[in-house]
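Trainee: A structural model of the following input is requested.
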Amino acid sequence: MNDDARIQAALARASEAVAKGPHSTPADGRPRKRRLVMGDPQADVGRVLAILAHHDALGDDGWLRPDVRLVSVGDHFDWGKPHERESGALSALSLVAWLAAHPADQVVMILGNHDLGRVGELEGFTDATFAQAQAEADRAYQGGHTDEAVEREFLARWPRVPTAELVARDFGNFREVQRTWVEHLLRTRRFRTAYAAGPGLLVLHAGVTNEDLDVAGLERARRADAGAVADALNATVDAAVDAWTRGPLVVPGLHRPGDAASGEGVGIFYHRPSLKPEDAGRVRETPRRRFDPRRLPAGLTQVVGHTRDKRNRELLGFSTAEARDGVVRHLVTDGARVHYAHGAPPPPRPEEAVLVFTDGGMRECPVEQYELFDLDTRAAAR
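Mentor: Reported below is the predicted structural model:
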């Protein structure tokens, strides 16, 4: 069977998974020989599947090959232009349903800020009220620019969101059924905050610093232990989910959704490394939207998504002329120096902290150029 046939089979399985309604397949305990990380899948489900097929990860039956474990680093929703909103909403749900229909130990679903937006900033919306709010947001946010006067009127009517741009663009493909799926996957522990992939190797959406791990209550001596870090973060978020009964989901100290009164959402699912002087005051406390990469825990390699190459370079002070989509990148710091480059990182020293970036702009990058990250070779998958 060729790749096109495999993709069509997978699309059929995805449609079946959506029709079945919110569900999650339990672990089956089978060994997996290949462990791959997929950067933010904010693209049509067919393109996502084509990338997996290109990496020989799809089987003839429309599921992942039995020997493949896939870690999706979050942000499964929201992409495209306004005219693609309806198709994008269905596509994203199809992808989430297809991923969740795999055994829990074959597909690890990591939470991103766009996933949490369904139970955060958008928690109180119905399809009807969101459509009304989005029509108003479209009048305030056009062509990448916000009319501040129109936005003030918008926020007076919709105080649960921080900006018109969020409704018009950032979380623009929302549908109520997505929230139902996200809540189910949170409560059944299928959506994870972090995944320990090996000694000193952690996968999560946007990375954590020592300040974030202070909030999670993890002692300093254990912060190079990926298992301990994952357990601490997952336990903190799981406790917040268990305590959550109504309103936006908040994780004290680690995640606060945005609203008109407090501004944009903050915390470990939103933040990006920054060395810009104007961010110096914004990186010292948590939750936040920027962090100082020199505060990453030494001895730990974190594999993340969330930030593309050009944005990394802007925030870290590197030339944007060399920015590329599709490629794995890395940041290495010893607590003083910060090095950023394309490719997989060199073997880390005990005093160094490492970030591996996997968000390659899936929607804009040619399928054959989009790299997955191999957790066993610690390099781009071949």
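
Trainee: for residue 378, which non-adjacent residue is spatially closest?
Mentor: residue 344 (6.0 Å; CB to CB, 6 or more residues apart in numbering). Any C-beta I mention is one placed from the backbone N, CA and C, and that applies to glycine too.

Trainee: which non-adjacent residue is nearest the spatially most central residue of the chain?
Mentor: Ranked by distance to the mean C-alpha position of the chain (CA atoms, centre = their mean), the top residue is residue 74 at 2.7 Å. Nearest residue to residue 74, sequence neighbours excluded (CB to CB, 6+ apart): residue 112, at 2.6 Å.

Trainee: residue contacts, the one you found?
Mentor: Residue 112 makes contact with 40, 73-76, 205-206, 269, 305-306, according to CB atoms under 8 Å, 6 or more residues apart in numbering.

Trainee: how about those residues in CSV, adding secondary structure, distance to residue 105 and pLDDT?
Mentor: Listed next are these as CSV, based on DSSP: H, G, I helix; E, B strand; the rest coil; distance: CB to CB, whole Å; pLDDT from 0 to 100:
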residue, secondary structure, distance to residue 105, pLDDT
40, coil, 22, 96
73, coil, 17, 97
74, coil, 18, 94
75, coil, 22, 97
76, coil, 19, 97
205, coil, 20, 98
206, coil, 24, 97
269, coil, 23, 98
305, coil, 21, 97
306, coil, 24, 97
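
Trainee: a markdown table please, covering those and showing distance to residue 296.
Mentor: Converted to a markdown table, the contacts of residue 112 look like this (distance: CB to CB, whole Å):
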| residue | distance to residue 296 |
| --- | --- |
| 40 | 20 |
| 73 | 17 |
| 74 | 19 |
| 75 | 21 |
| 76 | 26 |
| 205 | 15 |
| 206 | 12 |
| 269 | 17 |
| 305 | 16 |
| 306 | 15 |
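
Trainee: just those residues now: which is nearest residue 21?
Mentor: For the contacts of residue 112, the residue nearest residue 21 by CB to CB is residue 76; the value is 17.2 Å.

Trainee: so what sits opposite the spatially closest residue to residue 331 that is not a sequence neighbour in the bridge?
Mentor: Spatially, and ignoring its direct neighbours in sequence, residue 331 is nearest to residue 355 (4.3 Å; CB to CB, 6+ apart). Counting by DSSP bridges, residue 355 forms beta bridges with residue 302, residue 331.

Trainee: ok, residue 355 touching residue 296?
Mentor: Yes - counting by CB atoms under 8 Å, residue 355 does reach residue 296; the two are 6.9 Å apart.

Trainee: with neighbour numbers in mind, choose between these two.
Mentor: The neighbour comparison of residue 355 against residue 296 (other CB atoms under 10 Å) goes to residue 296, with 27 against 24.

Trainee: list the contacts of the more buried one.
Mentor: Contacts for residue 296 (CB under 8 Å, 6+ apart) come out as 207-210, 302, 333, 353-355.

Trainee: next one: phi and psi at it?
Mentor: phi -70, psi 150 (degrees, to the nearest 10).

Trainee: can you tell me how far it is from residue 311?
Mentor: 18 Å (CB to CB, to the nearest Å).

Trainee: ok, and the closest non-adjacent residue to residue 371?
Mentor: residue 380 (4.3 Å).

Trainee: meant to ask about residue 206, not that
Mentor: Here the residue nearest residue 206, using CB to CB, 6+ apart, is residue 306, at 4.3 Å.

Trainee: and stretch 53-66, which residues are buried?
Mentor: Using 16 or more other CB atoms under 10 Å as the test for burial, stretch 53-66 gives 53-55, 57-59, 62-65.
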